[in-house]
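Trainee: The following block contains a protein sequence and its predicted model.
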Amino acid sequence: MTMQYMERVGFTELGCAGERAHPWVFHSPLHVSGGSRSRHVQGCASSSIPFRAAVAAPISVLCPAAGGMQQLSVLPSFGFLFDIDGVLVRGKTPIPAAKTAFQKLVNSQGQFVVPVVFVTNAGNCLRQEKADQLSQLLGVAISQDQVMMSHSPLRMFKRYHDKCVLVSGQGPLLDIAQDLGFCQPITIETLREKHPLLDVVDHDRRPNVLYPSAVELPKIEAVVLFGEPVRWETNLQLIIDVLLTSGYPGNPYHRENYPHIPVLACNMDLMWVAEAQSPRFGHGTFMVCLENIYKKITGKDLKYEALMGKPSKVTYQYAEYLIRAQAAERQWQHPIHTLYAVGDNLMTDVYGANLYNRYLEENSRQGSKSWVQAKVAGGRGPAALSQDEEIDNSWENELASAAAAHCRSVLVCTGVYNPHTEMPLDTRASIAEMVFHGHRDFRFEPGLVEPDHIVPDVDAAVDLVFQLENFAPY
């Protein structure tokens, strides 16, 4: 894939409310073949289609356009799923196009004119904290109900909420776990304090004097991986201890106990983009370490009860639920037919959106929106455990109803994806030979990493979607 056909130009766009300069035109769309679909680099077409019109309440309005009258919608029948890192920010630095884009997504009262959910694989803070950060960075008011962290679907796993669970990651882990509904979370640090003999890789942290623990810990019945921790050697050691002792880490290993206690993992990103010039290790890298250590010791695969965060289908189904909730709150009568997932990573954002689109289209053909078909693990690897039946029935009904028809993937060039790669002569072969950075339990399919659209940045993505949807909110 290459962006050599993109050209930054200025042109005047004619619409009902007058003229507006638009900065991006994409000439000679580049088709990328492979898999079951064909995608292309695409943006605002050279034909003039007005994005906005000064109208009040009607559902649609007719405006002059190239080739005749163009019917524009002022009520949304689509929603945005925005990734954050690499799309809106790099580390703590806003990407310049983000503020411009979000000024187009709100009206004069600061209300969103389309349903918007921020779908991030981050999991080191509460939703409200992330909403406050985004509000400050983007200059628009964002509520926590618009923010979906990688761990958000854990609210559905009520079977584990009353159990003692070991949590790994960083940030306010206990606050996050309790906010999700877990009543007995234990951190790695707490476990280390109660069992000081277990963590001995760092010689300087080995205890000089051992004191008996005043309070014994209950049996650990599940492990929840929220995100990459700080001291990997400590976390890896203690998680392995818990898995190989069936929840009693002070006891000797019992390798015959297989399968092990449940493991629920959030955020499978192998790498992510911050201020550095190259991508940094993500939680997916930590998971690779854990999986390989477990298999090296036991000779068996580490099994996951559930995998959450992009690209899992449960993440997109939950995000769609939040989109529909926003539309209902605003009393928008149009059903949400299309989701546009805007991201910077082929292996998570594009793969996940395309995987969910496949699910939606299969269900549409079958005339069913059965939640049972939306596997929690999202993948089909031999070590993935499907636990759909464990999800509370009320959530099943809410998530399965009124599903969208399509989920379109929009790839931006401000993050992990590098648009300057030379165009290979055989595109299909190049994609097929691509190194798969997705999780072990997800199957690599070339068609799933081909974006529906490639645009320079999030501002161009918003313009493109408004044009595709003939949307003119005001």
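Mentor: That came through, no problem. Residues are numbered from 1 along each chain as shown.
Trainee: Could you name the helices and strands sitting against the helix or strand hosting residue 133?
Mentor: Secondary structure from DSSP states H and E places residue 133 in helix 127-138. The helices and strands touching helix 127-138, judged by 3 or more CB pairs under 8 Å, 6 or more residues apart in numbering; DSSP states H and E, are helix 96-103, strand 147-148. To be clear about C-beta, it is placed using only N, CA and C from the backbone, and glycine gets the same treatment.
Trainee: What strands line up against the helix or strand just after the first one, and which way round?
Mentor: So that's helix 96-103. Using DSSP H and E, the next helix or strand after helix 96-103 towards the C-terminus is strand 116-119. Partners of strand 116-119 in the sheet, by DSSP bridges, are strand 78-82 (parallel), strand 147-148 (parallel).
Trainee: Check which helices and strands the helix or strand just after the longest one is in contact with.
Mentor: Secondary structure here is assigned by DSSP H and E; on that basis, the next helix or strand after strand 78-82 toward the C-terminus is strand 89-90. Contact partners of strand 89-90 among helices and strands, from 3+ CB pairs under 8 Å, 6+ apart: none.
Trainee: just so I have it, where are all the strands in the stretch 101-250 of the chain?
Mentor: 116-119, 147-148, 164-168, 184-187, 222-225 (DSSP state E, counting those that start in this stretch).
Trainee: now those as CSV including mean pLDDT, mean neighbour count and distance to residue 310?
Mentor: CSV is the format used below for the strands of the stretch 101-250 of the chain (pLDDT from 0 to 100; neighbours: other CB atoms under 10 Å; distance: least, CB to CB, whole Å):
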stretch, mean pLDDT, mean neighbour count, distance to residue 310
strand 116-119, 98, 24, 7
strand 147-148, 96, 26, 10
strand 164-168, 98, 23, 19
strand 184-187, 98, 18, 24
strand 222-225, 98, 25, 15
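Trainee: Quick one: the strands paired with strand 116-119 as JSON lines, columns for distance to residue 164 too.
Mentor: Formatted as JSON lines, the strands paired with strand 116-119 follow (distance: least, CB to CB, whole Å):
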{"stretch": "strand 78-82", "distance to residue 164": "34"}
{"stretch": "strand 147-148", "distance to residue 164": "27"}
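Trainee: Nearest to residue 266, out of those?
Mentor: Closest to residue 266 of these, according to CB to CB: strand 147-148, at 11.2 Å.
Trainee: how much space is there between the residue lying farthest from the centre of the chain and residue 196?
Mentor: Within the chain, residue 209 marks the point farthest from the mean C-alpha position, 45.4 Å out by CA atoms, centre = their mean. Using CB to CB, to the nearest Å, we find residue 209 at a distance of 10 Å from residue 196.
Trainee: of the strands paired with strand 116-119, which approaches residue 460 most closely?
Mentor: strand 78-82 (13.5 Å).
Trainee: Where do the helices of the stretch 201-350 of the chain begin and end?
Mentor: 232-244, 283-298, 313-329 (DSSP state H, counting those that start in this stretch).
Trainee: could you dump these to CSV with mean pLDDT?
Mentor: Output for those, formatted as CSV (pLDDT from 0 to 100):
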stretch, mean pLDDT
helix 232-244, 97
helix 283-298, 96
helix 313-329, 93
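Trainee: Could you export those helices as a markdown table, including mean neighbour count and distance to residue 335?
Mentor: Shown next, in a markdown table, are these (neighbours: other CB atoms under 10 Å; distance: least, CB to CB, whole Å):
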| stretch | mean neighbour count | distance to residue 335 |
| --- | --- | --- |
| helix 232-244 | 21 | 44 |
| helix 283-298 | 18 | 35 |
| helix 313-329 | 21 | 8 |
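Trainee: Can you tell me which of these is nearest to residue 181?
Mentor: Within the helices of the stretch 201-350 of the chain, the stretch nearest residue 181 is helix 313-329; the backing value is 14.3 Å (CB to CB).
Trainee: Quick one: list the elements packing against that closest one.
Mentor: Using 3+ CB pairs under 8 Å, 6+ apart, helix 313-329 is in contact with strand 78-82, strand 116-119, strand 147-148, strand 306-308, strand 338-343, helix 351-366, helix 393-400.
Trainee: and it, how far out from the chain's middle?
Mentor: 13 Å (CA atoms, centre = their mean, to the nearest Å).
Trainee: Over to stretch 218-228?
Mentor: Mean-position distance between stretch 218-228 and its chain equals 21 Å (CA atoms, centre = their mean).
Trainee: pLDDT wise, what is the residue nearest the centre of the chain at?
Mentor: Geometric centre of the chain, nearest residue: residue 310, 3.7 Å, by CA atoms, centre = their mean. Per-residue pLDDT puts residue 310 at 94.
Trainee: how about it, what does it touch?
Mentor: Residue 310 is in contact with 83, 119, 121, 150, 268, 269, 316, 343, 348, 349, 351, 352, counting by CB atoms under 8 Å, 6 or more residues apart in numbering.
Trainee: Same question for residue 473.
Mentor: Going by CB under 8 Å, 6+ apart, residue 473 touches 52, 74, 76, 107, 113, 114.
Trainee: Would you confirm that the last one contacts residue 77?
Mentor: No. Between residue 114 and residue 77 there is no contact under CB atoms under 8 Å: 9.4 Å.
Trainee: Pick out whichever of those two has more residues nearby.
Mentor: Each of residue 114 and residue 77 has its neighbours counted (other CB atoms under 10 Å); residue 114 has more, 26 against 18.
Trainee: Identify the residue nearest that one in space, chain neighbours excluded?
Mentor: When the adjacent residues along the chain are set aside, residue 114 lies closest to residue 76, with 4.2 Å between them (CB to CB, 6 or more residues apart in numbering).
Trainee: count of residues packed around the one you found?
Mentor: Counted with other CB under 10 Å, residue 76 comes out at 25.
Trainee: would you say it is within a helix?
Mentor: No. Under DSSP: H, G, I helix; E, B strand; the rest coil, residue 76 falls outside any helix and is assigned coil.
Trainee: how close does it get to residue 311?
Mentor: Between residue 76 and residue 311 the computed distance is 25 Å (CB to CB).
Trainee: Compute the distance between the residue nearest to residue 114 and residue 99, please.
Mentor: From residue 76 to residue 99 the distance is 21 Å (CB to CB).
Trainee: count of neighbours near residue 203?
Mentor: By other CB under 10 Å, 6 other residues sit near residue 203.
Trainee: TSV please, covering the helices and strands packed on helix 127-138 and showing distance to residue 139.
Mentor: Converted to TSV, the helices and strands packed on helix 127-138 look like this (distance: least, CB to CB, whole Å):
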stretch	distance to residue 139
helix 96-103	6
strand 147-148	16
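Trainee: now for the helices of the stretch 201-350 of the chain, which one comes closest to residue 134?
Mentor: helix 313-329 (14.6 Å).
Trainee: now that closest one against strand 78-82, angle please.
Mentor: For helix 313-329 against strand 78-82, the angle by axes from the mean of the first three to the mean of the last three CA atoms, to 10 degrees is 130 degrees.
Trainee: low-confidence ranges in the stretch 251-400 of the chain?
Mentor: Scanning the stretch 251-400 of the chain for pLDDT under 70 picks out 367-400.
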